[in-house]
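Visitor: any chance you can model this:
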Amino acid sequence: MTTTTLAKRAAPPHVTTRIERADADAVARLGRYTAATIHEAQGRRGALSSRIKPIDRDSSFIGSAFTVVCAPRDNLMLQVAIHFAQPGDVLIVSAAGLADAGTFGDVLGNAAKAKGIAAVVTDSGVRDTQELRALGLPVFSGSVSIRGTVKETLGYINQPLVFGDEIINPGDVVKGDADGVVVVRRDEVDEVAALSQARDDAEAGLIELYKAGRTTIDLCNLHDVLRAKGITTDLDDQDPDQGLGARP
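Guide: Below is the predicted model:
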């Protein structure tokens, strides 16, 4: 048996349909929090590249990652993915980050919406953005481009991939909103939801303290930090606290 034959046998199928998804209730709990809160709560992990932005800043989504690899300026596997995806899935479409290509538009948008797909996220370009906004399907992309694509090249569906500078596994949970997109490992969803709630509670408490007159230097414990760095102000000659306020 040749090495070539072994390699062919070892390769995954182009389309993998059976993936594990997080519990729907756990996904819904995580969806209460913003992408930024989730990113911070899980130790500043999971944030996708800031190049990937929503075409409608009022849109948001959460769902299980359904990963797709397309050749540049080729959306064949995206069309295949829409066929196989389940309601609530988020299509994560890697197309080599080619900005100058309209990989996804309103026709496929309607197909995805009818299938119940939660969102489409691509590192390539999209077009028909006015129609997509009216459709109400969350679409996040690396660019907007009117250049057309072909349907020629096979790729892989539901294999781990590097996307937006992060590793995304099929079934990981993806949250997107006006500020960006974050990925959470499938087996960490419950823990990250709890950490996100704790962060929201802590920030709400800080906001109330600011409203009550406390200061950023006070609440962020910056007195010793700033003095250790040698901060100076034009109040040094008249105020022993340099205008920073007394340490609480």
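
Visitor: which residues touch the lengthiest helix in the chain?
Guide: Using DSSP state H to define each element, the chain has its longest helix at helix 189-211. Helix 189-211 is contacted by residues 22-23, 26-27, 29-30, 32-33, 37-38, 40-42, 173, 184, 216, 219 when judged by C-beta atoms under 8 Å, 6 or more residues apart in numbering. In short, each C-beta sits where N, CA and C put it, glycine included.

Visitor: helices or strands up against the helix or strand that contains residue 27?
Guide: Assessed by DSSP states H and E, residue 27 sits inside helix 24-30. In terms of contacts (3 or more C-beta pairs under 8 Å, 6 or more residues apart in numbering; DSSP states H and E), helix 24-30 is packed against strand 61-69, strand 173-177, helix 189-211.

Visitor: so for it, what gets flagged as buried?
Guide: 26, 27, 29, 30 (16 or more other C-beta atoms under 10 Å).

Visitor: returning to what we had before: distance between the longest helix of the chain and the chain's centre?
Guide: Chain-centre distance of helix 189-211: 20 Å, with C-alpha atoms, centre = their mean, to the nearest Å.

Visitor: what sits up against the next helix or strand after it?
Guide: Toward the C-terminus, helix 189-211 is succeeded by helix 216-219 as the next helix or strand (DSSP H and E). Applying C-beta under 8 Å, 6+ apart, the contact partners of helix 216-219 are 206, 209, 210, 222, 223, 226, 244, 245, 248.

Visitor: minimum pLDDT in those, which residue is that?
Guide: Lowest pLDDT among these: residue 248, with 69.

Visitor: which residues in the chain form helices?
Guide: Remark: helices assigned in the chain by DSSP H are 3-10, 24-30, 35-41, 76-84, 106-115, 129-135, 189-211, 216-219, 223-228.

Visitor: start and end of stretch 123-139, how far apart?
Guide: Stretch 123-139 has an end-to-end distance of 11 Å (C-alpha to C-alpha, to the nearest Å).

Visitor: return the mean pLDDT over that stretch, rounded to an integer.
Guide: For stretch 123-139, mean pLDDT is 98.

Visitor: buried stuff in it?
Guide: 123-129, 132-133, 135, 137-139.

Visitor: how about those, which pair is most distant?
Guide: 123 and 135 (21.1 Å; C-beta to C-beta).

Visitor: so where is the chain shaky, pLDDT-wise?
Guide: 1-9, 248 (pLDDT under 70).

Visitor: what's near enough to touch the spatially most central residue of it?
Guide: For the chain, the residue nearest the mean C-alpha position is residue 181 (1.9 Å; C-alpha atoms, centre = their mean). Taking C-beta under 8 Å, 6+ apart, we find residue 181 in contact with 35, 47, 48, 52, 121, 140, 164, 174, 175.

Visitor: sort out which one of the residues you listed lies nearest residue 234 for me.
Guide: Ranked by distance to residue 234 (C-beta to C-beta), the contacts of residue 181 are led by residue 47 at 38.6 Å.

Visitor: neighbours around the closest residue to the closest one other than its chain neighbours, how many?
Guide: Leaving aside its sequence neighbours, residue 47 sits nearest to residue 39 (C-beta to C-beta, 6 or more residues apart in numbering; 4.7 Å). Number of residues near residue 39 (other C-beta atoms under 10 Å) recorded here: 24.

Visitor: same question for residue 194.
Guide: Applying other C-beta under 10 Å, I find that residue 194 has 13 neighbouring residues.

Visitor: export the helices and strands packed on helix 24-30 as a markdown table, with columns for distance to residue 105.
Guide: Compiled in a markdown table, these are given as follows (distance: least, C-beta to C-beta, whole Å):
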| stretch | distance to residue 105 |
| --- | --- |
| strand 61-69 | 16 |
| strand 173-177 | 19 |
| helix 189-211 | 32 |
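
Visitor: out of the ones you listed, flag the one nearest residue 96.
Guide: strand 61-69 (9.0 Å).
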